[in-house]
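In: Fold the following for me, if possible:
(one chain, ligands or ions: 1)
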Amino acid sequence: MMAGRERLYRTEGIVLRRTDTGEADRLVTVLSPDHGKLRLLAKGARKPSSRKSGHLELFSHTRLLVARGRTWDIITQAETIEPFLALRQDLLRTSYAYYLAELVDKFTAEEGLPSLPLFRLLLETLRRLCNAPVLPSEARYFELQLLDLAGYRPELRYCLNCHRPVKQAFFSPSQGGIFGAECVGGHQGVKKLSEGALSKLRLLQTAAPQQLAGLVLTPDEEKELEDVLGRYISYLLEARPKSLGFLKKIRRQETVTVENLQK
Ligand SMILES: [Zn+2]
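Out: Residues are numbered from 1 along each chain as shown. Purely as a prediction, here's the structure:
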């Protein structure tokens with residue numbers, strides 16, 4: 001045990017990911033408000049008799065008692081606060097939840113830093129996904145708010161080059177924002193934005209969550225926003241998020257099973 005640190009600590013977390021380890025153990029990645037992202041060992045969680053495992057379901061919000069360990073801190077008690085059952089029962093909701101969890105996991109480091117705003121963003125988004133019809137704008141709103149909290153807020157108002165207001169915008173994933181038509185020359189990989197898409201992106205960047213239901217995207221704007229934010233996120237992560245492909249398939253009503261999602 002390290003000097004000056006309590007052996008046990010209490011926290012709460014949203015389960016982002018679970019991986020099997022050892023004979024019957026599980027490593028559980030959670031986002032907590034006060035310790036940021038944690039990877040914790042749940043001993044014996046894969047045994048049918050385990051009392052903890054039912055309280056460590058994917059995407060659930062759980063109260064935890066944790067003991068400091070040498071390699072991994074160990075979950076000694078777990079108690080569900082909000083089970084978010086609908087997120088594991090409905091394929092569309094499941095695929096959204098996977099995508100949000102993957103983004104949070106990839107954009108956070110295990111540094112033990114408090115992350116209350118990110119925790120709240122995830123918790124509130126999961127609640128809306130559970131309790132209301134799923135809005136196409138929900139994932140785009142989450143992406144923009146997450147980018148903001150992670151320090152990658154895209155510039156959507158002024159030209160990155162001349163800092164003047166932009167009418168005809170070209171989005172650059174590598175520069176993290178827009179150029180006007182007069183300044184875009186020479187920039188690679190830029191994507192022209194329609195006027196509608198640009199204004200919806202701006203609205204989503206600054207909207208409060210309760211405004212989402214009133215923010216309607218046309219099918220074309222939906223595609224454009226998904227494409228442009230997907231390009232930016234893929235650029236930042238140096239890879240396309242795995243669960244994004246599944247989300248697209250499910251929204252096109254193709255056949256995808258939960259087993260495929262977990263691969
Ligand atoms: Zn310019």
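In: What does residue 120 show for phi and psi?
Out: Dihedral angles of residue 120 (phi, psi; degrees, to the nearest 10) stand at phi -60, psi -40.
In: my bad, should have said residue 144
Out: phi -70, psi -40.
In: Then residue 244?
Out: phi -70, psi -40.
In: Over to residue 129?
Out: Per degrees, to the nearest 10, the backbone of residue 129 is at phi -60, psi -30.
In: tally of neighbours for it?
Out: The number of residues packed near residue 129 is 25, by other CB atoms under 10 Å. Glycine gets a C-beta too; all of them are placed from N, C-alpha and C.
In: again with the one 3 residues further on
Out: Using other CB under 10 Å, residue 132 has 11 other residues around it.
In: and it, what pLDDT?
Out: According to the prediction, residue 132 has pLDDT 84.
In: so the spatially closest residue to it that is not a sequence neighbour, which of the three states?
Out: Among residues not flanking residue 132 along the chain, residue 213 sits closest, at 7.8 Å (CB to CB, 6 or more residues apart in numbering). At residue 213, secondary structure determined by DSSP: H, G, I helix; E, B strand; the rest coil is helix.
In: quick one, longest helix in the chain?
Out: helix 219-237 (DSSP state H).
In: Alongside the ion, which residues does the stretch 151-263 of the chain contribute?
Out: 159, 161, 162, 180, 183 (CB under 5 Å from the ion).
In: In ChimeraX, how would I select the buried members of these?
Out: A single ChimeraX command selects the buried members of these (16 or more other CB atoms under 10 Å):
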select :159,161,180,183
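In: will you turn the residues of the stretch 151-263 of the chain next to the ion into JSON lines that also has secondary structure and pLDDT?
Out: Shown next, in JSON lines, are these (DSSP: H, G, I helix; E, B strand; the rest coil; pLDDT from 0 to 100):
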{"residue": "159", "secondary structure": "coil", "pLDDT": "98"}
{"residue": "161", "secondary structure": "coil", "pLDDT": "97"}
{"residue": "162", "secondary structure": "coil", "pLDDT": "97"}
{"residue": "180", "secondary structure": "strand", "pLDDT": "97"}
{"residue": "183", "secondary structure": "coil", "pLDDT": "97"}
